[in-house]
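**Student:** sharing a model prediction with you, sequence too.
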Amino acid sequence: MTNRGFEKHYYLMLLPGMVWLILFSLVPMLGIVMAFQDFNPGLGIFKSEWIGLENFKYMFLLSDSKTIMFNTIYIAVLKIIGNLLVPLIFALMLNELRVIVMKRWIQTIVYLPHFLSWVILSGILLDVFAFKGPVNGMLTFFGVEPILFLARADLFPYIVVGSDVWKEFGFNTIIYLAALTSINPALYEAAAIDGATRLQRLRFVTVPGITTTIVLLAVLSLGNVLNAGFDQIFNMYNPLVYSTGDIIDTWVYRAGLQNLQFSLATAMGLLKSVVSFVLIVISYYLASRFANYRIF
Amino acid sequence: MKAVKKIGFICIAILMVVVTACGSNNNSKSPSPAADSKDGNKVTEQPAAADPFGKYKDPVTIRIGQGIDPTDKSLPQGDTPENNQYTRHIKEQLNVDTKIVWQASKGKDYDQKVNLAIASDDLPDLVIVNDAQLRQMVKAGQLADLSEVFDQYASPAIKGIIEKTEGRALEAVNFDGKMMALPNVTARGDAVHTMWIRQDWLDKLKLEVPKTVDELAAVAKAFVEQDPDGNNQKDTIGISGPQAGGKIHANFITSSNNTFGLDPIFSAYLAYPGFWLEGKDGKPVYGSIQPEVKDALAKLREMYAAGLIDREMSIRKDAAEPVVAGKSGIFFGPFWMGYWPLPDAIKNDPTANWQAYALPLDKNGEYSPHMATPSSQFLAVRKGYEHPEVALKLLNLLVRDEATFDVSVTLDHYPVRIVYAPVDEIEFTLQSLQEVLAGTKKPEDLNIPGYKLLVDDANKVTKTKLEPYDKNDIQYWNTDDMGAWSRLYSIFVGGKPLMEKRNEVYSLTYSQTKTMESRWANLEKLETETFLKIIMGAAPLESFDMFVEDWKKQDGDKVTEEVAEAVKK
Amino acid sequence: MVTEKTFGAKAMDILLVIILLAIGLLCVMPIWYTFALSLSDKAAAAAGIVRLWPIGFNLNAYDQIMSDEKFIRSFGISLQRVLLGATLNFIVVVLTAYPLSKTTRAFRPRNIFMWVLVFTMFFNGGLVPWYMAMKSYGLMNTVWGLVFAGGLQVFHIILVVNFFRNLPKELEEAALVDGAGPWYTLVRLYVPLAVPVLATITLFGIVYHWNEFFHGLVLMSSTDKYPLQTYIQQLVVTIDTTTMTEDEYKKLSELSNQTLNAAKIFIAMIPVLIVYPFLQRFFIHGITLGSVKE
C-alpha cells in the first residue's frame, strides 16, 4: 500500500540529515584529490601539483610493503571475527542467565573497558604481560618459564587482537542485546510447549531471531578490513615486533614525523575507503542474490 | 524518476553553493595578506636606523599560536595568557599587543595545531615550529625571509649566543642562503649523556666506580647478583634501558635528552649510530653502518644475554619505574635527572644516592660523547606579515630582561619564547654557585645577562646544600624545598661530569635532505629493528652486515651523497 | 519464561554464572586498578608498585581535582555537548531512518539516498579539508562545532532502519486505514515500538560525544574551552624526554603524576556509569511486541 502524497513528507524528513551530510561529509570530501597531488599548503587543493598515482606507488615500492599490508589485513580480519563472535556468544550466554540483577551487573561491568583509552589501557596491558606481571605469574605457577610477551613477534598479533576483543566485547554486546529483546516471547513459549530443550530453543528461536543483526554487523565490519587499530598498536608495539605488528597506519605516522605527509596520509585513507566500499558492495549483492536479504 | 532527478539537482546545487562559498572564501583570504605586505613594506621602510629595542610609535599587534603547560598555575589572579607581566612588559617597552589566536599544550597537541595551520595555510604571524615543520613551510613558501631583519635588528647579546654555536644554529635555518626562521640555542648540557649510578650500592658491595665498559659490566653483574637492595631477592636491574617507544640511542634528528638510552656504551666504542660523521676520506658517512657499531652491538648483546641490561628494555611501560622503585643501579641520561625521575626515587628511598659520571671511557681512555644540535625549535614569521622585525625585538627584550623577571610566573607566558641559553650555562652556574658556597661571591654579583636563574639559585643554594660542600652525596642535601633541590642537585651532581674534559663528536648535519623526506622512515625502521633484535638476541650479530648492505641499497647511498652535497655548502 | 528443573539444567546454570562472573572480573580489573592508583601515594605510583590495593592511601588527587576550575569547566562543556549532541543525533537519526525504511515502491529514491549514506560512511576527505570546512562554517570555538563535527551517524541510521523494517507491516497499514500521516505513524507508532534500538543509539550518541577528544583539540583555540576528554588527554601522555627543552624539565614531575591522572580518568567515567542503568533496562528487557501482533 503506497501513497504518493507521502513522498514529499519523506523528503522533508530527510532534509536535516542530508544537510548535515552534505556540509560535514560531502564537502570535505573534495580533499580526496589530495591523494593524487603533491599537496602544497601554500598553493592549496586547487593549485597543487598533480602527480597521479605517485603516492600509492610510493607505499607499494617500499621494501617491506608486503609485510605491512599483510600485517594490517591479518590483524584487522582477526579483530573483525573476534569482535563479531565473542560479543554474540556473550550476548547469548547473558540471555540465558535468569537472575536479572546479575545479568544487569555483569553487563554493566563488561562494558567498562570500552571507556579506557588505549593510552591508559596499553600501559596496563604492558604491565599485565610484563616479566613479573600476572600472566607470567600464572605461567610460573604451572611450571612454565616466564615469557617476554611483547618481545615476541610471533605472539604480538594475538595479544593485540585478544586485548582489543576484550576491550570492546562488552560494548559490542549491546547491539545484540537490543536485537534479542525484539524476539517475540510467544515463540519461546511455543517452543517450550513443543518440548524443545534449551539448546534447541537457542538454535531455532534465538539465533534466527537475530540473524539479520548478525549479517548486518558482519557486512558492515568488512569496512574495517584495513583498520588494524592505530591507537592500540602505536601504544603497544616496539621494533622487535615490526615484522608482525607494523601496519599501514603506524607506518604512515612514522613517515609523517619526518615530513608532514598530507598527501600520503590522504592516499592511504582513500585506499582503505575503496577497499572497504568494494567489499561492502560485493557482500551486499551476494546477500541479496543468495539469501534474498537486503542489508540496508 | 522525475523526483529523483529533482533531488539530485538540489543536492548538487547545494553542494555547488557550499563549494564555491568556501572556495571564494579562500580566494578572498589568501591574496589579502600579500596586499597588506606591500603596504606594510612601505611603512617599515620609513624609519632609517634599526633599533633592536626601538618602541613602535603606533601599537603593533602580534597574532601568535602559543604552546602552554596544562598543569601550570603560576599566573596570579586576574592575569591571562594575553595579559600578564610579560605581555605588559612588552607593551610598555615595545608598544606591541599580544593576541593569542590559538593555544595548545606543548608537545603532540601543539604540533597538531601547527600542522593544521600549515596545511590550511592559516598561520599566525609568529609561530614556533620544529625542523620538519620548518622545512615544510619553506617548501610551501609560507615564511618571510628574515636575513635582513636579523642583520639589522638582532641585539649583540643574541648575535653573541648564536655565534658561540660555531655556525650550527644558523645552518639549521639556512635555506639556499636565506635565513627563514630564528633558531633557538640550548645549553649543551642537555646533549651530554652521562652515567648515573647508585653510589650507595657501590659502597655496600665495596665496588669502585666503573671506568670502562668491562668494569661497567662487572659492576652491573654485581648489582644483579649480590642483592644490593638487601631484600634477599634477585630482583635488581644492572643497567636500565629505554621504555616502549624509546630509542636505544639518540640520532641526528632528535639528538639530545635520550634519557635511558645506551648512548655512552656506544660512544665508548667510538660508535655513533644515527649521526653523520666524517669518513676516513673526508666524505660524510652514516654512523650506524660503521664497524664500530658492530663491536658495540656485540658487547651489548653479550651484556643483555648475561642479564646485565634490563631484560624488558624497549618493551617496558615506563623506564623510570625501576629507578623510582629502587630496583635499578645504573642508567644513562643528561644532567637534569634531579628534576625527574630522582625526586620520586628519593621519596621512596631517602638513601638512594644517585651520582653522575662522565663515563665509561673509550679505548683511548677518553670520554667521547656525541653532541646535539643547539637548535631544535624555530621562531618563524608568516610571509607577508608587516613587522617581521617584531620577532627579533621580542627576543632581544627577552634575553636582555630575562634575569629581572619574577620567575614564579613561568616563562612559557612570554609570547613566542624560544630559549637563548649560553652554551655553557650549566657549567658556569655550577662554578658560580661553588664560589657562593665558598663565600668568594655574593648572589648580588651574579646578575649576568643570559644566566637567567643564577641569582635565584645563589639565593637558595646555602639553604639546600649542606656541609661539607665538596661532597654531593644525598645525605648532604636538604630536601625540604623539592623545587630548589631538583634544580641544584641537577646542577651539582648532574653538572659535575660536564666539567670533565671530553672529546665532543658532532653530527655533520642535524637536518634532513630531500631523499630522506621520502625514504628515511623506511631506513630508520630497518635500523631500529636490526639493532634491537641483535641486542636482545632475536637476530644473530651477523645480521648487522646484511643491514649495512640493505641500507646502502635502499637509497642509503643516495642519502649519503645528498648529505655530502649539503655539507659542502 | 519457562524454567526447567532437571539437574543438568541446574548445573549448566551454575556453570554459566561462574563463566560470566569470571569474565566480569577480568573486565573490572583495569578500572579497579585505576581506582587504586588514584588513591595511592604519588611516589609509589611512579615506582609502579601499586597493584590492586592503594599504597600510601590518600585523597590528595581528588582534593586537587575538586579545586581545579579547569577540570570543572571542561566537565560542564562536555555535559552541554552531550546534551545537545545526543539529542540532535537522536532526532536526525530517527527522521532519516523512517523514510529509508520504506520500500522503493513507497519511496522511490530510497536506494539512492541509502547508498549515498553508506558511501559517506567509508569515504572522507581527511583531516585538513574537513578542518577548513569547519572553519568556513564558523564552527570554531563553539560547542556547536563539537555537536556537528562528527557528521551524520550513518551506522545508527542503518541500525534503526533495520529495526523499523522488521516491525510488522500490518501496524502501519492499520494506521493508514485510520487516516494517519507519516509523521503521526513515525512518532506515535514506530518510535514507541523501537525503544530498544533507540535506547541503543542514544547510548552510543552519549558515549560518542562524551568520549570524543580529537575534535575538541582541533576546533578549540583555547584550552579553557576544551571538553573533558580533550582536557584529560592532554594531561595523560607518555613522557618523551627527547623533544624537551630546558625549561620543560620542571613540569615533568607534574606530568608524571599518575595518581592525579588516574583520578581524572576515574571521575570522567562516572557520568556514563550513572546514565547507563537508565538506558540499559530498555535493551536488556526491551518491550514486548507480542501484544501488538494480536
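**Tutor:** Received the coordinates, thanks.
**Student:** how about low-confidence regions in chain C?
**Tutor:** C:1-5, C:236-247, C:250-251, C:253-255, C:285-294 (pLDDT under 70).
**Student:** over to chain A?
**Tutor:** Looking along chain A with the criterion set at pLDDT under 70, you get A:1-3.
**Student:** do a quick rundown of the strands in it.
**Tutor:** A:37-38, A:49-50 (DSSP state E).
**Student:** can I get the ones you listed in TSV with distance to B:Ile535?
**Tutor:** No exception for glycine: its C-beta is placed from N, CA and C like everyone else's. Output for the strands of chain A, formatted as TSV (distance: least, CB to CB, whole Å):
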stretch	distance to B:Ile535
strand A:37-38	39
strand A:49-50	43
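**Student:** nearest to B:Lys211, of those?
**Tutor:** Of all the strands of chain A, it is strand A:37-38 that lies closest to B:Lys211, at 53.6 Å by CB to CB.
**Student:** and the residue of chain B closest to chain A?
**Tutor:** Using CB to the nearest CB, the single residue of chain B nearest to chain A is B:Ala140, 3.5 Å away.
**Student:** deepest of the strands of chain A, which one?
**Tutor:** Highest mean neighbour count of those: strand A:37-38, a mean of 19 (counted as mean count of other CB atoms under 10 Å in any protein chain shown).
**Student:** outside of that strand, which residues touch it?
**Tutor:** With CB atoms under 8 Å, 6 or more residues apart in numbering or on different chains as the test, strand A:37-38 has contacts from A:Ile45, A:Ser48, A:Glu49, A:Trp50, A:Ile51, A:Glu54, A:Ser263.
**Student:** residues contacting the fifth one?
**Tutor:** Put plainly, it is A:Ile51. A:Ile51 touches A:Phe36, A:Gln37, A:Asp38, counting by CB under 8 Å, 6+ apart.
**Student:** between those residues, which is closest to chain B?
**Tutor:** A:Asp38 (9.9 Å).
**Student:** specify the beta-bridge partners of the closest one.
**Tutor:** A:Glu49 (DSSP bridges).
**Student:** separation between it and A:Met268?
**Tutor:** Distance, A:Asp38 to A:Met268, by CB to CB, to the nearest Å: 15 Å.
**Student:** out of the helices and strands in chain B, which is least certain?
**Tutor:** Within chain B, no helix or strand scores below helix B:31-45, which has a mean of 41 by mean pLDDT, DSSP states H and E.
**Student:** surely B:Met179 meets B:Glu171?
**Tutor:** No: with contact defined as CB atoms under 8 Å, B:Met179 does not reach B:Glu171; the gap is 10.4 Å.
**Student:** residues of the helix or strand following the least confident helix or strand of chain B that come out buried?
**Tutor:** Proceeding N to C from helix B:31-45, the next assigned helix or strand is strand B:60-68, under DSSP states H and E. For strand B:60-68, the neighbour count (16 or more other CB atoms under 10 Å in any protein chain shown) marks B:Val60, B:Ile62, B:Arg63, B:Ile64, B:Gly65, B:Gln66, B:Gly67, B:Ile68 as buried.
**Student:** and chain C, which of the residues you listed reach it?
**Tutor:** Restricting the buried residues of strand B:60-68 to those near chain C by CB under 8 Å from any CB of the partner chain leaves B:Ile68.
**Student:** residue of the stretch 1-150 of chain A nearest chain B, please.
**Tutor:** A:Gly42 (3.5 Å).
**Student:** now the phi/psi pair for the nearest residue to that residue once chain neighbours are set aside, please.
**Tutor:** The spatially closest residue to A:Gly42, leaving aside those adjacent along the chain, is B:Ala140, at 3.5 Å (CB to CB, 6 or more residues apart in numbering or on different chains). When read as degrees, to the nearest 10, the backbone of B:Ala140 gives phi -80, psi 0.
**Student:** and for the residue in the stretch 101-250 of chain A that chain C sits nearest to, the neighbour number?
**Tutor:** Nearest residue of the stretch 101-250 of chain A to chain C (CB to the nearest CB) works out as A:Thr181 at 2.4 Å. Number of residues near A:Thr181 (other CB atoms under 10 Å in any protein chain shown) recorded here: 24.
**Student:** quick check: it vs B:Val563, distance?
**Tutor:** For A:Thr181, the distance to B:Val563 - CB to CB - is 66 Å.
**Student:** great, nothing more from me.
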